[in-house]
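*Asks:* Predicted structure and sequence below. I'll ask about it afterward.
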2 protein chains.
Amino acid sequence: MKRGTSISMWPVQGLPMIRPGDNLATLVARAVRRSRRTILARDVLVVAQKAVSKAEGRTVVLADVVPGAKARELAGVTGKDPHLVEVILTDARRVVRSSPGVLIVETHHGFVCANGGVDQSNAAPGVAVRLPVDPDASAERIREGLAAEFGHAPAVIVSDSHGRPWRVGSVGIALGAAGIAPLTDLRGSADLVGRTLHATVIATVDEVAAAASLVMGEADEGIPAAVVRGVAYEVGQGGVRAMLRRPERDLFR
Amino acid sequence: MKRGTSISMWPVQGLPMIRPGDNLATLVARAVRRSRRTILARDVLVVAQKAVSKAEGRTVVLADVVPGAKARELAGVTGKDPHLVEVILTDARRVVRSSPGVLIVETHHGFVCANGGVDQSNAAPGVAVRLPVDPDASAERIREGLAAEFGHAPAVIVSDSHGRPWRVGSVGIALGAAGIAPLTDLRGSADLVGRTLHATVIATVDEVAAAASLVMGEADEGIPAAVVRGVAYEVGQGGVRAMLRRPERDLFR
(Lines give C-alpha, C1' and ligand atoms only; values in the text may rest on other atoms or scores of the structure.)
Protein backbone atom coordinates (compact mmCIF):
# COMPACT_ATOMS: atom_id res chain seq x y z
CA MET A 1 0.00 0.00 0.00
CA LYS A 2 1.28 3.45 -0.84
CA ARG A 3 0.94 6.03 1.86
CA GLY A 4 2.12 9.60 1.66
CA THR A 5 -0.83 11.21 -0.11
CA SER A 6 -3.24 13.73 1.35
CA ILE A 7 -6.53 12.71 2.91
CA SER A 8 -9.64 14.80 3.34
CA MET A 9 -12.90 14.01 5.04
CA TRP A 10 -16.21 15.71 5.55
CA PRO A 11 -19.43 14.94 7.36
CA VAL A 12 -22.58 14.10 5.41
CA GLN A 13 -24.76 16.99 6.51
CA GLY A 14 -28.54 17.06 6.43
CA LEU A 15 -29.42 13.43 7.03
CA PRO A 16 -32.88 13.03 8.60
CA MET A 17 -33.49 11.11 11.83
CA ILE A 18 -33.20 7.48 10.75
CA ARG A 19 -36.28 5.25 11.02
CA PRO A 20 -36.79 1.50 10.66
CA GLY A 21 -36.84 0.48 7.03
CA ASP A 22 -34.96 3.52 5.80
CA ASN A 23 -32.60 2.93 2.93
CA LEU A 24 -29.38 4.49 4.22
CA ALA A 25 -27.65 4.47 0.84
CA THR A 26 -30.50 6.47 -0.68
CA LEU A 27 -30.58 8.94 2.21
CA VAL A 28 -26.81 9.40 2.11
CA ALA A 29 -26.78 9.86 -1.67
CA ARG A 30 -29.54 12.46 -1.43
CA ALA A 31 -27.75 14.39 1.34
CA VAL A 32 -24.43 14.24 -0.50
CA ARG A 33 -25.97 15.60 -3.69
CA ARG A 34 -27.82 18.33 -1.81
CA SER A 35 -24.50 19.51 -0.40
CA ARG A 36 -23.15 19.59 -4.00
CA ARG A 37 -20.66 16.84 -3.32
CA THR A 38 -20.30 13.35 -4.64
CA ILE A 39 -18.86 10.02 -3.57
CA LEU A 40 -16.01 8.67 -5.68
CA ALA A 41 -15.19 5.03 -6.27
CA ARG A 42 -12.09 5.14 -4.05
CA ASP A 43 -13.78 7.04 -1.21
CA VAL A 44 -14.75 5.41 2.07
CA LEU A 45 -18.19 6.10 3.47
CA VAL A 46 -18.25 5.69 7.24
CA VAL A 47 -21.70 5.26 8.78
CA ALA A 48 -22.35 5.26 12.51
CA GLN A 49 -23.66 1.98 13.89
CA LYS A 50 -26.55 3.75 15.57
CA ALA A 51 -27.95 4.88 12.22
CA VAL A 52 -27.50 1.42 10.72
CA SER A 53 -29.18 -0.26 13.67
CA LYS A 54 -32.14 2.12 13.53
CA ALA A 55 -32.59 1.57 9.80
CA GLU A 56 -32.50 -2.18 10.43
CA GLY A 57 -35.09 -1.94 13.19
CA ARG A 58 -32.70 -3.13 15.90
CA THR A 59 -34.52 -1.28 18.67
CA VAL A 60 -36.15 -2.83 21.68
CA VAL A 61 -38.65 -1.39 24.16
CA LEU A 62 -37.13 -2.09 27.55
CA ALA A 63 -40.50 -2.38 29.30
CA ASP A 64 -41.29 -5.39 27.07
CA VAL A 65 -38.17 -7.25 28.22
CA VAL A 66 -38.40 -9.73 31.11
CA PRO A 67 -35.09 -9.83 33.01
CA GLY A 68 -33.91 -13.33 33.89
CA ALA A 69 -32.02 -14.33 37.02
CA LYS A 70 -28.60 -13.67 35.53
CA ALA A 71 -29.66 -10.21 34.30
CA ARG A 72 -31.05 -9.33 37.73
CA GLU A 73 -27.84 -10.49 39.40
CA LEU A 74 -25.62 -8.50 37.02
CA ALA A 75 -27.89 -5.49 37.38
CA GLY A 76 -27.19 -5.66 41.08
CA VAL A 77 -23.44 -5.84 40.52
CA THR A 78 -23.31 -3.07 37.94
CA GLY A 79 -26.15 -0.81 39.05
CA LYS A 80 -27.65 -0.98 35.57
CA ASP A 81 -31.31 -1.41 34.61
CA PRO A 82 -32.09 -5.18 34.67
CA HIS A 83 -34.13 -4.82 31.47
CA LEU A 84 -31.13 -3.30 29.71
CA VAL A 85 -28.85 -6.01 31.12
CA GLU A 86 -31.21 -8.67 29.76
CA VAL A 87 -30.90 -7.19 26.27
CA ILE A 88 -27.10 -7.05 26.64
CA LEU A 89 -27.00 -10.71 27.70
CA THR A 90 -29.24 -11.76 24.82
CA ASP A 91 -26.64 -10.38 22.42
CA ALA A 92 -23.64 -11.68 24.37
CA ARG A 93 -21.50 -14.78 24.08
CA ARG A 94 -19.97 -14.27 27.53
CA VAL A 95 -19.48 -11.70 30.28
CA VAL A 96 -15.89 -10.44 30.29
CA ARG A 97 -15.94 -8.06 33.27
CA SER A 98 -18.59 -6.68 35.59
CA SER A 99 -18.21 -4.16 38.38
CA PRO A 100 -20.11 -1.08 39.59
CA GLY A 101 -20.98 0.94 36.50
CA VAL A 102 -19.19 -1.48 34.16
CA LEU A 103 -20.49 -4.40 32.11
CA ILE A 104 -18.10 -5.60 29.43
CA VAL A 105 -19.22 -8.53 27.32
CA GLU A 106 -18.17 -10.34 24.20
CA THR A 107 -20.99 -10.09 21.71
CA HIS A 108 -22.12 -12.86 19.38
CA HIS A 109 -20.12 -11.09 16.66
CA GLY A 110 -16.97 -11.33 18.80
CA PHE A 111 -16.71 -7.66 19.83
CA VAL A 112 -15.51 -7.12 23.39
CA CYS A 113 -17.13 -3.88 24.47
CA ALA A 114 -19.06 -2.07 27.16
CA ASN A 115 -22.75 -3.06 27.29
CA GLY A 116 -22.29 -5.19 24.19
CA GLY A 117 -22.80 -2.03 22.17
CA VAL A 118 -26.40 -1.73 23.37
CA ASP A 119 -27.08 1.97 23.85
CA GLN A 120 -29.87 4.31 24.81
CA SER A 121 -28.44 7.64 23.67
CA ASN A 122 -30.20 9.18 20.68
CA ALA A 123 -33.07 6.72 21.08
CA ALA A 124 -36.61 7.35 22.25
CA PRO A 125 -37.14 7.11 26.04
CA GLY A 126 -37.33 3.51 27.21
CA VAL A 127 -35.83 2.25 23.97
CA ALA A 128 -32.44 0.61 23.56
CA VAL A 129 -30.60 0.13 20.29
CA ARG A 130 -28.80 -3.14 19.64
CA LEU A 131 -25.90 -3.69 17.26
CA PRO A 132 -26.69 -4.83 13.72
CA VAL A 133 -26.97 -8.61 13.43
CA ASP A 134 -24.13 -8.72 10.90
CA PRO A 135 -22.33 -5.38 10.49
CA ASP A 136 -20.19 -6.64 7.60
CA ALA A 137 -23.39 -7.55 5.74
CA SER A 138 -24.85 -4.14 6.65
CA ALA A 139 -21.80 -2.46 5.12
CA GLU A 140 -22.11 -4.60 2.00
CA ARG A 141 -25.80 -3.70 1.56
CA ILE A 142 -25.04 0.01 1.89
CA ARG A 143 -22.20 -0.41 -0.59
CA GLU A 144 -24.52 -2.05 -3.11
CA GLY A 145 -27.03 0.75 -2.57
CA LEU A 146 -24.38 3.39 -3.21
CA ALA A 147 -23.24 1.56 -6.34
CA ALA A 148 -26.81 1.79 -7.63
CA GLU A 149 -26.89 5.53 -6.81
CA PHE A 150 -23.47 6.59 -8.10
CA GLY A 151 -22.57 3.92 -10.65
CA HIS A 152 -19.54 2.81 -8.66
CA ALA A 153 -19.04 1.23 -5.25
CA PRO A 154 -16.99 3.04 -2.60
CA ALA A 155 -15.76 1.21 0.47
CA VAL A 156 -18.17 1.29 3.41
CA ILE A 157 -17.38 1.06 7.12
CA VAL A 158 -19.97 0.74 9.90
CA SER A 159 -18.37 2.46 12.89
CA ASP A 160 -18.84 2.61 16.64
CA SER A 161 -16.91 4.00 19.61
CA HIS A 162 -15.15 1.57 21.92
CA GLY A 163 -13.31 2.09 25.18
CA ARG A 164 -9.90 0.55 25.71
CA PRO A 165 -8.53 -1.36 28.72
CA TRP A 166 -5.63 0.90 29.65
CA ARG A 167 -6.64 4.32 28.38
CA VAL A 168 -9.48 6.60 29.30
CA GLY A 169 -11.72 7.69 26.46
CA SER A 170 -13.27 5.95 23.49
CA VAL A 171 -12.12 5.88 19.89
CA GLY A 172 -13.93 5.17 16.66
CA ILE A 173 -13.55 1.58 15.47
CA ALA A 174 -15.01 -0.47 12.64
CA LEU A 175 -17.81 -2.95 13.37
CA GLY A 176 -18.32 -3.84 9.74
CA ALA A 177 -16.63 -3.20 6.42
CA ALA A 178 -17.18 -3.87 2.74
CA GLY A 179 -14.99 -3.22 -0.27
CA ILE A 180 -11.89 -2.53 1.81
CA ALA A 181 -9.28 -4.91 3.19
CA PRO A 182 -9.60 -4.54 6.97
CA LEU A 183 -5.89 -4.99 7.57
CA THR A 184 -2.86 -3.70 5.72
CA ASP A 185 -0.01 -6.14 6.03
CA LEU A 186 3.38 -4.43 5.85
CA ARG A 187 5.25 -7.57 6.85
CA GLY A 188 7.78 -8.32 4.21
CA SER A 189 8.09 -4.65 3.30
CA ALA A 190 11.65 -3.44 3.75
CA ASP A 191 12.07 -0.65 6.27
CA LEU A 192 14.26 2.41 5.63
CA VAL A 193 17.45 0.51 6.31
CA GLY A 194 16.43 -2.55 4.33
CA ARG A 195 15.40 -4.83 7.16
CA THR A 196 12.20 -6.75 6.88
CA LEU A 197 9.50 -5.45 9.20
CA HIS A 198 7.97 -7.87 11.65
CA ALA A 199 4.52 -7.75 13.13
CA THR A 200 3.45 -4.66 11.27
CA VAL A 201 -0.14 -5.29 10.43
CA ILE A 202 -2.17 -2.11 10.43
CA ALA A 203 -5.87 -2.08 11.29
CA THR A 204 -6.73 0.24 8.42
CA VAL A 205 -10.50 0.15 8.88
CA ASP A 206 -10.15 1.09 12.55
CA GLU A 207 -7.87 4.00 11.68
CA VAL A 208 -10.39 5.23 9.10
CA ALA A 209 -13.23 4.89 11.62
CA ALA A 210 -11.23 6.84 14.21
CA ALA A 211 -10.46 9.55 11.66
CA ALA A 212 -14.10 9.83 10.59
CA SER A 213 -15.17 10.10 14.22
CA LEU A 214 -13.40 13.47 14.31
CA VAL A 215 -15.95 14.92 11.88
CA MET A 216 -19.02 12.93 12.91
CA GLY A 217 -21.33 14.12 15.62
CA GLU A 218 -21.50 12.06 18.76
CA ALA A 219 -24.13 14.11 20.42
CA ASP A 220 -26.20 17.18 19.60
CA GLU A 221 -24.76 17.68 16.12
CA GLY A 222 -25.86 14.20 15.12
CA ILE A 223 -24.00 13.57 11.89
CA PRO A 224 -23.97 9.81 11.50
CA ALA A 225 -21.97 9.59 8.27
CA ALA A 226 -18.76 10.92 6.80
CA VAL A 227 -16.85 10.57 3.55
CA VAL A 228 -13.10 9.95 3.72
CA ARG A 229 -11.13 10.61 0.54
CA GLY A 230 -7.55 9.71 -0.26
CA VAL A 231 -6.99 6.62 1.87
CA ALA A 232 -4.68 4.28 -0.03
CA TYR A 233 -6.62 1.17 0.92
CA GLU A 234 -6.68 -2.18 -0.77
CA VAL A 235 -10.01 -3.28 -2.14
CA GLY A 236 -10.73 -6.49 -0.32
CA GLN A 237 -13.22 -8.75 1.29
CA GLY A 238 -13.32 -10.46 4.65
CA GLY A 239 -14.87 -7.65 6.60
CA VAL A 240 -14.20 -6.83 10.22
CA ARG A 241 -15.00 -10.43 11.13
CA ALA A 242 -11.56 -11.33 9.75
CA MET A 243 -9.73 -9.07 12.21
CA LEU A 244 -11.17 -10.29 15.49
CA ARG A 245 -8.71 -12.33 17.52
CA ARG A 246 -9.56 -15.99 17.88
CA PRO A 247 -10.06 -16.91 21.55
CA GLU A 248 -6.91 -19.01 21.64
CA ARG A 249 -4.88 -15.95 20.65
CA ASP A 250 -6.59 -13.65 23.15
CA LEU A 251 -4.27 -13.02 26.09
CA PHE A 252 -6.81 -10.90 27.96
CA ARG A 253 -9.80 -13.17 28.45
CA MET B 1 -16.62 20.85 21.10
CA LYS B 2 -18.09 21.49 17.67
CA ARG B 3 -17.72 18.72 15.19
CA GLY B 4 -19.12 18.72 11.70
CA THR B 5 -16.40 20.58 9.83
CA SER B 6 -14.08 19.15 7.23
CA ILE B 7 -10.63 17.85 8.09
CA SER B 8 -7.64 17.51 5.82
CA MET B 9 -4.25 16.04 6.46
CA TRP B 10 -1.02 15.64 4.58
CA PRO B 11 2.35 14.07 5.21
CA VAL B 12 5.42 16.25 5.77
CA GLN B 13 7.50 15.15 2.78
CA GLY B 14 11.25 15.47 2.49
CA LEU B 15 12.39 15.08 6.07
CA PRO B 16 15.95 13.73 6.32
CA MET B 17 16.88 10.65 8.34
CA ILE B 18 16.74 11.87 11.94
CA ARG B 19 19.98 11.88 13.98
CA PRO B 20 20.69 12.44 17.66
CA GLY B 21 20.56 16.13 18.55
CA ASP B 22 18.42 17.08 15.55
CA ASN B 23 15.91 19.86 16.17
CA LEU B 24 12.70 18.29 14.88
CA ALA B 25 10.76 21.56 14.86
CA THR B 26 13.37 23.17 12.62
CA LEU B 27 13.50 20.17 10.28
CA VAL B 28 9.70 20.01 10.05
CA ALA B 29 9.42 23.76 9.44
CA ARG B 30 12.03 23.56 6.67
CA ALA B 31 10.30 20.60 5.00
CA VAL B 32 6.88 22.24 5.27
CA ARG B 33 8.14 25.47 3.67
CA ARG B 34 9.94 23.58 0.94
CA SER B 35 6.65 21.91 0.03
CA ARG B 36 5.08 25.41 -0.13
CA ARG B 37 2.82 24.72 2.79
CA THR B 38 2.56 26.18 6.26
CA ILE B 39 1.39 25.16 9.71
CA LEU B 40 -1.49 27.16 11.14
CA ALA B 41 -2.12 27.87 14.81
CA ARG B 42 -5.07 25.44 14.98
CA ASP B 43 -3.33 22.63 13.09
CA VAL B 44 -2.08 19.50 14.78
CA LEU B 45 1.41 18.28 13.94
CA VAL B 46 1.72 14.54 14.49
CA VAL B 47 5.28 13.22 14.79
CA ALA B 48 6.17 9.56 14.89
CA GLN B 49 7.75 8.41 18.15
CA LYS B 50 10.64 6.84 16.29
CA ALA B 51 11.75 10.19 14.91
CA VAL B 52 11.41 11.85 18.33
CA SER B 53 13.37 9.07 20.02
CA LYS B 54 16.17 9.26 17.47
CA ALA B 55 16.44 13.05 17.82
CA GLU B 56 16.60 12.57 21.59
CA GLY B 57 19.34 9.97 21.31
CA ARG B 58 17.19 7.18 22.75
CA THR B 59 19.07 4.45 20.91
CA VAL B 60 20.98 1.61 22.49
CA VAL B 61 23.55 -0.76 21.00
CA LEU B 62 22.29 -4.21 21.92
CA ALA B 63 25.77 -5.74 22.10
CA ASP B 64 26.59 -3.31 24.94
CA VAL B 65 23.67 -4.56 27.04
CA VAL B 66 24.23 -7.32 29.62
CA PRO B 67 21.05 -9.40 30.01
CA GLY B 68 20.15 -10.17 33.62
CA ALA B 69 18.54 -13.35 34.90
CA LYS B 70 14.98 -12.12 34.36
CA ALA B 71 15.76 -11.01 30.81
CA ARG B 72 17.30 -14.38 29.99
CA GLU B 73 14.28 -16.18 31.43
CA LEU B 74 11.80 -14.04 29.47
CA ALA B 75 13.92 -14.39 26.34
CA GLY B 76 13.46 -18.13 26.72
CA VAL B 77 9.71 -17.80 27.09
CA THR B 78 9.25 -15.35 24.22
CA GLY B 79 12.00 -16.39 21.84
CA LYS B 80 13.29 -12.82 21.76
CA ASP B 81 16.90 -11.62 21.93
CA PRO B 82 17.91 -11.47 25.64
CA HIS B 83 19.71 -8.16 25.03
CA LEU B 84 16.52 -6.66 23.62
CA VAL B 85 14.49 -8.07 26.53
CA GLU B 86 16.92 -6.46 28.98
CA VAL B 87 16.30 -3.06 27.36
CA ILE B 88 12.54 -3.66 27.47
CA LEU B 89 12.70 -4.57 31.17
CA THR B 90 14.83 -1.50 31.96
CA ASP B 91 12.01 0.68 30.64
CA ALA B 92 9.21 -1.39 32.21
CA ARG B 93 7.24 -1.09 35.41
CA ARG B 94 5.91 -4.65 35.14
CA VAL B 95 5.45 -7.54 32.73
CA VAL B 96 1.79 -7.82 31.70
CA ARG B 97 1.89 -10.89 29.46
CA SER B 98 4.59 -13.11 28.03
CA SER B 99 4.26 -16.04 25.66
CA PRO B 100 6.03 -17.30 22.54
CA GLY B 101 6.58 -14.26 20.32
CA VAL B 102 4.79 -11.92 22.75
CA LEU B 103 6.14 -9.65 25.48
CA ILE B 104 3.66 -7.07 26.71
CA VAL B 105 4.82 -4.75 29.48
CA GLU B 106 3.67 -1.62 31.21
CA THR B 107 6.32 1.03 30.67
CA HIS B 108 7.45 3.54 33.28
CA HIS B 109 5.19 6.05 31.51
CA GLY B 110 2.20 3.74 32.02
CA PHE B 111 1.79 2.53 28.44
CA VAL B 112 0.78 -1.12 28.13
CA CYS B 113 2.28 -2.26 24.84
CA ALA B 114 4.25 -4.91 23.03
CA ASN B 115 7.98 -4.77 23.79
CA GLY B 116 7.46 -1.60 25.80
CA GLY B 117 7.66 0.30 22.54
CA VAL B 118 11.31 -0.70 22.07
CA ASP B 119 11.81 -1.31 18.38
CA GLN B 120 14.51 -2.22 15.90
CA SER B 121 12.82 -1.31 12.62
CA ASN B 122 14.28 1.71 10.85
CA ALA B 123 17.32 1.58 13.14
CA ALA B 124 20.87 0.58 12.32
CA PRO B 125 21.65 -3.16 12.69
CA GLY B 126 22.12 -4.13 16.33
CA VAL B 127 20.51 -0.93 17.54
CA ALA B 128 17.19 -0.64 19.38
CA VAL B 129 15.19 2.55 19.82
CA ARG B 130 13.54 3.23 23.19
CA LEU B 131 10.55 5.45 23.80
CA PRO B 132 11.17 9.09 24.74
CA VAL B 133 11.67 9.56 28.48
CA ASP B 134 8.68 11.92 28.65
CA PRO B 135 6.66 12.07 25.42
CA ASP B 136 4.41 14.89 26.71
CA ALA B 137 7.54 16.98 27.33
CA SER B 138 8.86 16.00 23.87
CA ALA B 139 5.62 17.25 22.31
CA GLU B 140 5.87 20.48 24.29
CA ARG B 141 9.44 21.10 23.15
CA ILE B 142 8.49 20.55 19.52
CA ARG B 143 5.54 22.88 20.01
CA GLU B 144 7.79 25.62 21.38
CA GLY B 145 10.17 25.11 18.48
CA LEU B 146 7.32 25.45 15.98
CA ALA B 147 6.10 28.59 17.75
CA ALA B 148 9.56 30.08 17.23
CA GLU B 149 9.47 29.11 13.54
CA PHE B 150 5.92 30.13 12.65
CA GLY B 151 5.02 32.73 15.26
CA HIS B 152 2.18 30.60 16.63
CA ALA B 153 2.02 27.26 18.38
CA PRO B 154 0.01 24.40 16.83
CA ALA B 155 -0.91 21.34 18.85
CA VAL B 156 1.67 18.55 18.74
CA ILE B 157 1.14 14.82 19.16
CA VAL B 158 3.90 12.23 19.44
CA SER B 159 2.40 9.07 17.97
CA ASP B 160 3.10 5.36 17.94
CA SER B 161 1.27 2.22 16.82
CA HIS B 162 -0.19 -0.09 19.44
CA GLY B 163 -1.84 -3.45 19.16
CA ARG B 164 -5.12 -4.14 20.93
CA PRO B 165 -6.18 -7.13 23.06
CA TRP B 166 -9.14 -8.32 21.01
CA ARG B 167 -8.43 -7.15 17.50
CA VAL B 168 -5.68 -8.01 15.08
CA GLY B 169 -3.67 -5.09 13.74
CA SER B 170 -2.23 -1.96 15.25
CA VAL B 171 -3.60 1.57 15.24
CA GLY B 172 -1.96 4.93 15.69
CA ILE B 173 -2.20 6.25 19.25
CA ALA B 174 -0.79 9.26 21.09
CA LEU B 175 2.20 8.81 23.41
CA GLY B 176 2.52 12.50 24.11
CA ALA B 177 0.60 15.68 23.44
CA ALA B 178 0.95 19.42 23.92
CA GLY B 179 -1.47 22.27 23.29
CA ILE B 180 -4.46 19.95 22.88
CA ALA B 181 -6.84 18.54 25.48
CA PRO B 182 -6.29 14.77 25.25
CA LEU B 183 -9.93 13.97 25.96
CA THR B 184 -13.14 15.56 24.78
CA ASP B 185 -15.81 15.20 27.41
CA LEU B 186 -19.28 15.08 25.91
CA ARG B 187 -20.91 14.14 29.22
CA GLY B 188 -23.53 16.68 29.98
CA SER B 189 -24.12 17.38 26.29
CA ALA B 190 -27.70 16.67 25.35
CA ASP B 191 -28.14 14.00 22.71
CA LEU B 192 -30.53 14.32 19.77
CA VAL B 193 -33.57 13.54 21.87
CA GLY B 194 -32.48 15.74 24.76
CA ARG B 195 -31.20 13.09 27.14
CA THR B 196 -27.88 13.63 28.83
CA LEU B 197 -25.14 11.42 27.46
CA HIS B 198 -23.33 9.17 29.89
CA ALA B 199 -19.80 7.91 29.60
CA THR B 200 -19.04 9.70 26.38
CA VAL B 201 -15.47 10.79 26.74
CA ILE B 202 -13.63 10.75 23.45
CA ALA B 203 -9.90 10.13 23.21
CA THR B 204 -9.36 12.94 20.73
CA VAL B 205 -5.56 12.71 20.59
CA ASP B 206 -5.74 8.99 19.83
CA GLU B 207 -8.24 9.57 17.03
CA VAL B 208 -5.97 12.25 15.54
CA ALA B 209 -2.96 9.93 15.82
CA ALA B 210 -4.90 7.13 14.11
CA ALA B 211 -5.99 9.49 11.35
CA ALA B 212 -2.45 10.77 10.79
CA SER B 213 -1.19 7.20 10.62
CA LEU B 214 -3.14 6.85 7.37
CA VAL B 215 -0.83 9.37 5.65
CA MET B 216 2.41 8.60 7.48
CA GLY B 217 4.82 5.98 6.22
CA GLU B 218 5.34 2.97 8.41
CA ALA B 219 7.93 1.38 6.25
CA ASP B 220 9.73 2.19 3.03
CA GLU B 221 8.03 5.52 2.49
CA GLY B 222 9.29 6.75 5.86
CA ILE B 223 7.28 9.90 6.48
CA PRO B 224 7.45 10.46 10.23
CA ALA B 225 5.26 13.57 10.44
CA ALA B 226 1.88 14.79 9.25
CA VAL B 227 -0.19 17.92 9.58
CA VAL B 228 -3.88 17.56 10.44
CA ARG B 229 -6.07 20.58 9.78
CA GLY B 230 -9.65 21.20 10.87
CA VAL B 231 -9.89 19.18 14.08
CA ALA B 232 -12.16 21.05 16.48
CA TYR B 233 -9.99 20.36 19.49
CA GLU B 234 -9.83 22.21 22.74
CA VAL B 235 -6.53 23.81 23.58
CA GLY B 236 -5.51 22.22 26.83
CA GLN B 237 -2.78 20.83 28.96
CA GLY B 238 -2.40 17.59 30.80
CA GLY B 239 -0.88 15.60 28.00
CA VAL B 240 -1.37 11.90 27.38
CA ARG B 241 -0.31 11.21 30.96
CA ALA B 242 -3.77 12.42 32.02
CA MET B 243 -5.55 9.74 29.98
CA LEU B 244 -3.84 6.63 31.25
CA ARG B 245 -6.05 4.57 33.53
CA ARG B 246 -4.94 4.42 37.11
CA PRO B 247 -4.15 0.83 38.14
CA GLU B 248 -7.16 0.63 40.47
CA ARG B 249 -9.41 1.34 37.47
CA ASP B 250 -7.68 -1.14 35.20
CA LEU B 251 -9.87 -4.22 34.84
CA PHE B 252 -7.36 -6.04 32.66
CA ARG B 253 -4.22 -6.26 34.76
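*Replies:* Structure's in. What do you need?
*Asks:* Helix, strand or coil: sort out the most centrally placed residue in chain A for me.
*Replies:* Taking CA atoms, centre = their mean as the criterion, residue A:159 is the residue nearest the geometric centre of chain A, at 2.4 Å. Following DSSP: H, G, I helix; E, B strand; the rest coil, residue A:159 is assigned to strand.
*Asks:* who touches it in this structure?
*Replies:* If a contact means CB atoms under 8 Å, 6 or more residues apart in numbering or on different chains, then residue A:159 has A:46-49, A:172-175, A:209, A:212-213, A:216 as its contacts. The way it works is simple: take the backbone N, C-alpha and C, and place the C-beta from them, glycine included.
*Asks:* among those, which are within reach of chain B?
*Replies:* Restricting those to those within reach of chain B (CB under 8 Å from any CB of the partner chain) leaves A:172-173, A:213, A:216.
*Asks:* Mind checking if stretch A:239-253 is in reach of chain B?
*Replies:* Yes. Judged by CB under 8 Å from any CB, stretch A:239-253 comes into contact with chain B at A:243-245, A:250-252.
*Asks:* so how far is the helix or strand bottoming out on mean pLDDT in chain A off the chain centroid?
*Replies:* Of all helical and strand segments in chain A, the minimum by mean pLDDT, DSSP states H and E falls on strand A:184-185, at a mean of 88. Counting by CA atoms, centre = their mean, to the nearest Å, strand A:184-185 is centred 20 Å from the centre of its parent chain.
*Asks:* do stretch A:45-52 as well
*Replies:* Remark: stretch A:45-52 is offset 7 Å from the chain centroid, using CA atoms, centre = their mean.
*Asks:* What are the contacting residues of that stretch?
*Replies:* Outside stretch A:45-52, the residues within contact range by CB under 8 Å, 6+ apart are A:12, A:15, A:18, A:24, A:28, A:39, A:117, A:119, A:121-122, A:129, A:131-132, A:135, A:138-139, A:142, A:146, A:154-160, A:172, A:175-176, A:208-209, A:212, A:216, A:224-228.
*Asks:* what sits up against the longest helix anywhere in chain A?
*Replies:* As assigned by DSSP state H, the longest helix anywhere in chain A is helix A:135-150. Contacting residues not belonging to helix A:135-150 are listed as A:23-26, A:28-29, A:38-39, A:45, A:47, A:49, A:52, A:56, A:109, A:132, A:153-158, A:175-179, A:239-241 [CB under 8 Å, 6+ apart].
*Asks:* roughly how far is that helix from the heart of the chain?
*Replies:* Taking mean C-alpha positions (CA atoms, centre = their mean), helix A:135-150 and its chain are 15 Å apart.
*Asks:* what do you get for stretch A:69-78?
*Replies:* 27 Å.
*Asks:* how about that stretch: buried residues?
*Replies:* Across stretch A:69-78, burial judged by 16 or more other CB atoms under 10 Å in any protein chain shown covers A:71, A:74-75, A:78.
*Asks:* which one of those is nearest residue A:61?
*Replies:* The shortest approach to residue A:61 among the buried residues of stretch A:69-78 belongs to residue A:71, at 15.8 Å (CB to CB).
*Asks:* buried ones in the longest helix of chain A?
*Replies:* A:135-143, A:145-146, A:149-150.
*Asks:* cool, and stretch A:245-253?
*Replies:* Of the residues in stretch A:245-253, those buried (16+ other CB under 10 Å) are A:245, A:252.
*Asks:* what about it, start to end distance?
*Replies:* By CA to CA, to the nearest Å, the extent of stretch A:245-253 from end to end equals 11 Å.
*Asks:* one step back: let's have the buried residues of stretch A:69-78 in TSV, adding secondary structure, distance to residue B:100 and pLDDT.
*Replies:* Formatted as TSV, the buried residues of stretch A:69-78 follow (DSSP: H, G, I helix; E, B strand; the rest coil; distance: CB to CB, whole Å; pLDDT from 0 to 100):
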residue	secondary structure	distance to residue B:100	pLDDT
A:71	helix	39	98
A:74	helix	35	97
A:75	helix	41	97
A:78	helix	36	95
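*Asks:* can you map out the helices along chain A?
*Replies:* A:24-34, A:49-55, A:69-78, A:82-90, A:135-150, A:204-213.
*Asks:* coming back round to it: so which of the contacts of residue A:159 is the most crowded?
*Replies:* The most crowded member of those is residue A:209, carrying 34 neighbours; neighbours defined as other CB atoms under 10 Å in any protein chain shown.
*Asks:* who are the neighbours in contact with that one?
*Replies:* Under the criterion of CB under 8 Å, 6+ apart, the neighbours of residue A:209 are A:46, A:157, A:159-160, A:172-174.
*Asks:* Okay, and the beta partners of residue A:61?
*Replies:* Counting by DSSP bridges, residue A:61 is bridged to residue A:127.
*Asks:* List the buried residues for stretch A:61-69?
*Replies:* Across stretch A:61-69, burial judged by 16+ other CB under 10 Å covers A:62, A:65, A:67.
*Asks:* With stretch A:104-118 instead?
*Replies:* Within stretch A:104-118, the residues that count as buried by 16+ other CB under 10 Å are A:104-107, A:109-118.
*Asks:* ok, which of these also contact chain B?
*Replies:* Contacts with chain B within the buried residues of stretch A:104-118, as defined by CB under 8 Å from any CB: A:104, A:106, A:110-112, A:114.
*Asks:* what's the farthest-apart pair in the residues you listed?
*Replies:* The widest separation within these (CB to CB) is 15.2 Å, between A:110 and A:114.
*Asks:* how close does residue A:93 sit to chain B?
*Replies:* To chain B, residue A:93 is 12 Å away according to CB to the nearest CB, to the nearest Å.
*Asks:* who in the stretch 1-150 of chain A is up against chain B?
*Replies:* With CB under 8 Å from any CB as the criterion, the stretch 1-150 of chain A meets chain B at residues A:2-11, A:13, A:17, A:97, A:99, A:102, A:104, A:106, A:110-112, A:114, A:120-125.
*Asks:* Tell me the buried residues within those.
*Replies:* Among these, those classed as buried by 16+ other CB under 10 Å are A:3, A:7-11, A:13, A:102, A:104, A:106, A:110-112, A:114, A:120-123.
*Asks:* which ones are touching residue A:97?
*Replies:* Counting by CB under 8 Å, 6+ apart, residue A:97 makes contact with A:103-104, B:251-252.
*Asks:* could you redo the last one with a cut-off of 7 Å?
*Replies:* Taking CB atoms under 7 Å, 6 or more residues apart in numbering or on different chains as the criterion, residue A:97 is in contact with A:104, B:251.
*Asks:* now the one 10 residues further on
*Replies:* For residue A:107, the residues meeting the contact criterion (CB under 7 Å, 6+ apart) are A:91-93, A:116-117, A:131.
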